[in-house]
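**Student:** Quick one: sequence and predicted model below, then my questions.
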Protein chains: 2
Amino acid sequence: MRNRFTSQLEALNDGIIEMGALVEEAFAEATEALLYFNKEQAQRNIDNDKDIDQKMKDIETLCLRLLLSQQPVARDLRLISASLKMVSDLERIGDQCANISEIVLTLAQKSTNPAPIPVIPIMSTNISRMISQGIDAFVRKDLPLAKRVCDMDNIIDNAFIEAKKTLVESIRSNSAEADNVIDSFMIAKYLERIGDHAVNVAKWVVFAETGSREV
Amino acid sequence: MRNRFTSQLEALNDGIIEMGALVEEAFAEATEALLYFNKEQAQRNIDNDKDIDQKMKDIETLCLRLLLSQQPVARDLRLISASLKMVSDLERIGDQCANISEIVLTLAQKSTNPAPIPVIPIMSTNISRMISQGIDAFVRKDLPLAKRVCDMDNIIDNAFIEAKKTLVESIRSNSAEADNVIDSFMIAKYLERIGDHAVNVAKWVVFAETGSREV
């Protein structure tokens, strides 16, 4: 019984690692599609989102089976319930990557470029790090790393405030561009939300390790 | 001990009812803002989304406390783990209502109307019913009602296919309208996703009652 439980916990760990890898890849695809205005990459990113959704469902099923059949306690119980929630945040990162790719396709259809936002590369680089470090923190049960990911949220929030300022000014200077500005604003907003979900992933690691939802 | 557990389970039930009411209200606000092109209502809907987010966090905390301190089994355990997941679906309905309201504000800024989609009222009426019946099914532990909600997804999916057809045709007949068509497409898409989340709520009710994720 105990051995079966241990192997199921390992399967859960592997599942989260695999889902994490899919989400990291989705983020890389979405930001590259955006940066190089690559329609094929954007379409691939949208198509691949279903794999992330399926992975979430598989992990949820495993978590529920573990909860119901094994009646885990203490640390194992925290780990399983944190995993059950964490996959929702990972899945939403996948969705928001697909949303960014949808904007890339929309812009491509209109044959127009989004209004440039200078902070986008800073946001993408940091968010990419937050996603991979959040997953690393889960795998290595690394509490200080999880806390560092949470602290990085300030960088993203400040960059988002900068992005908004830039966009408001570009509407003022050229109101004909309002449309492209709105597309750019949505991109910045999706990035900001992805940052929030990466922080949530790190917070679930903190919960799994400490039982506390405060970081 | 047992009494405290029972009262915490009641608090969980009340929390879900309250969150359900907030989400039903958000959906009514979003669809009214859209229908009557009401900026104030759209803004209120966006502002109120934070209450739904907070409610989700409160319920999550309660579920985790129940899991960790009470070590529930069987039906109670299914109910708590289903609630822990269900609140994510309810919260996403709130987010997507806010997304619809954001489009209403964007359109108001451009002083333009969205391209009309005849099936939107059918979608809204049915989705509103799915949300309220999904929550009712949870409260009354009503398995047949939960299953009926799942069956209603076909209506929404077919309406969404109709919406797409209408929009593609309106782009063909007037390509200058492409922009407004994209806004309308996004509205239809958000509605379709809200329908999916309402189905998920109903599926979590089925899981809580039966332990199965198949409907």
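**Tutor:** Structure received. Numbering: from 1, shown residues only, chains lettered A, B, ... in the order given.

**Student:** Thought A:Asn154 was touching A:Met130, still the case?
**Tutor:** No - the pair A:Met130 and A:Asn154 fails to qualify as a contact (CB atoms under 8 Å) at a distance of 11.4 Å. No exception for glycine: its C-beta is placed from N, CA and C like everyone else's.

**Student:** Give me the more crowded residue out of the two.
**Tutor:** A:Met130 (27 against 10; other CB atoms under 10 Å in any protein chain shown).

**Student:** helix, strand or coil for whichever residue of chain A sits closest to chain B?
**Tutor:** Closest to chain B within chain A is A:Ser88: 4.5 Å, counting by CB to the nearest CB. Three-state assignment for A:Ser88 (DSSP: H, G, I helix; E, B strand; the rest coil): helix.

**Student:** mind checking how far the nearest residue to it once chain neighbours are set aside is from B:Arg44?
**Tutor:** In space, not counting the residues next to it along the chain, A:Ser88 is nearest to B:Ser88; the distance is 4.5 Å by CB to CB, 6 or more residues apart in numbering or on different chains. Distance, B:Ser88 to B:Arg44, by CB to CB, to the nearest Å: 24 Å.

**Student:** Now do the same contact list for A:Ala137.
**Tutor:** Contacts for A:Ala137 (CB atoms under 8 Å, 6 or more residues apart in numbering or on different chains) come out as A:143, A:145-146, A:149, A:202, A:205.

**Student:** need those in JSON lines with neighbour count, can you?
**Tutor:** Supplementary listing: those in JSON lines, determined by neighbours: other CB atoms under 10 Å in any protein chain shown:
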{"residue": "A:Leu143", "neighbour count": "16"}
{"residue": "A:Leu145", "neighbour count": "16"}
{"residue": "A:Ala146", "neighbour count": "27"}
{"residue": "A:Val149", "neighbour count": "28"}
{"residue": "A:Ala202", "neighbour count": "30"}
{"residue": "A:Val205", "neighbour count": "30"}
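
**Student:** residues in chain A within reach of chain B, list them.
**Tutor:** Chain A comes close to chain B at residues A:60-61, A:63-64, A:67-68, A:71, A:73-74, A:77-78, A:81, A:84-85, A:88, A:92, A:106, A:109-110, A:178-179, A:182, A:207, A:211, A:213, as judged by CB under 8 Å from any CB of the partner chain.

**Student:** Any buried residues in the helix or strand of chain A with the lowest mean pLDDT, and which?
**Tutor:** Within chain A, no helix or strand scores below helix A:153-173, which has a mean of 87 by mean pLDDT, DSSP states H and E. Neighbour-count burial for helix A:153-173 flags A:153, A:155-156, A:159-160, A:162-164, A:166-167, A:170-171 (criterion: 16 or more other CB atoms under 10 Å in any protein chain shown).

**Student:** which ones are touching A:Ser128?
**Tutor:** By CB under 8 Å, 6+ apart, the contact set of A:Ser128 is A:24, A:27-28, A:31.

**Student:** Out of the residues you listed, name the ones that lie in helices.
**Tutor:** Among the contacts of A:Ser128, DSSP state H puts A:24, A:27-28, A:31 in helices.

**Student:** gap between the most centrally placed residue in chain A and A:Asp183?
**Tutor:** Among the residues of chain A, the one closest to the centroid is A:Ile93, at 3.2 Å (CA atoms, centre = their mean). Applying CB to CB, the value for A:Ile93 to A:Asp183 is 20 Å.

**Student:** Same check on A:Asn154?
**Tutor:** Separation of A:Asn154 from A:Asp183 (CB to CB): 26 Å.

**Student:** got any residues that touch both of A:Met130 and A:Asn154?
**Tutor:** Common contact partners of A:Met130 and A:Asn154 (CB under 8 Å, 6+ apart): none.

**Student:** Poorly predicted segments of chain A, please.
**Tutor:** Where chain A drops to pLDDT under 70, the residues are A:1-2, A:111, A:114, A:175-179.

**Student:** ranges for the helices of it?
**Tutor:** Under DSSP H, chain A gives helices at A:2-35, A:39-70, A:74-109, A:120-139, A:143-151, A:153-173, A:178-210.

**Student:** chain center to the fourth one: distance?
**Tutor:** Relative to its parent chain, helix A:120-139 has a centroid offset of 8 Å by CA atoms, centre = their mean, to the nearest Å.

**Student:** Please work out how many residues are found near A:Gln133.
**Tutor:** So A:Gln133, with other CB under 10 Å, has 20 neighbours.

**Student:** For it, list the residues it contacts.
**Tutor:** Taking CB under 8 Å, 6+ apart, we find A:Gln133 in contact with A:145, A:148-149, A:202.

**Student:** The same query, at a cut-off of 10 Å, please.
**Tutor:** Counting by CB atoms under 10 Å, 6 or more residues apart in numbering or on different chains, A:Gln133 touches A:142, A:145-146, A:148-149, A:152, A:198, A:201-202, A:205.

**Student:** And for A:Gln96?
**Tutor:** A:26-27, A:30, A:49, A:189-194, A:196-197.

**Student:** can you check A:Val199 too?
**Tutor:** Listed by CB under 10 Å, 6+ apart, the contact set of A:Val199 reads A:89, A:130, A:134, A:146, A:149-153, A:156, A:215.

**Student:** try it again with 7 Å
**Tutor:** Applying CB atoms under 7 Å, 6 or more residues apart in numbering or on different chains, one finds that A:Val199 lies in contact with A:149-150, A:153.

**Student:** quick one: the spatially closest residue to A:Glu18 that is not a sequence neighbour and A:Thr61, what's the gap?
**Tutor:** Closest residue to A:Glu18 apart from its sequence neighbours, by CB to CB, 6+ apart: A:Lys55 at 6.5 Å. Distance, A:Lys55 to A:Thr61, by CB to CB: 11 Å.

**Student:** Who has more neighbours out of the two?
**Tutor:** Higher neighbour count among A:Lys55 and A:Thr61: A:Lys55, with 22 against 13, using other CB under 10 Å.
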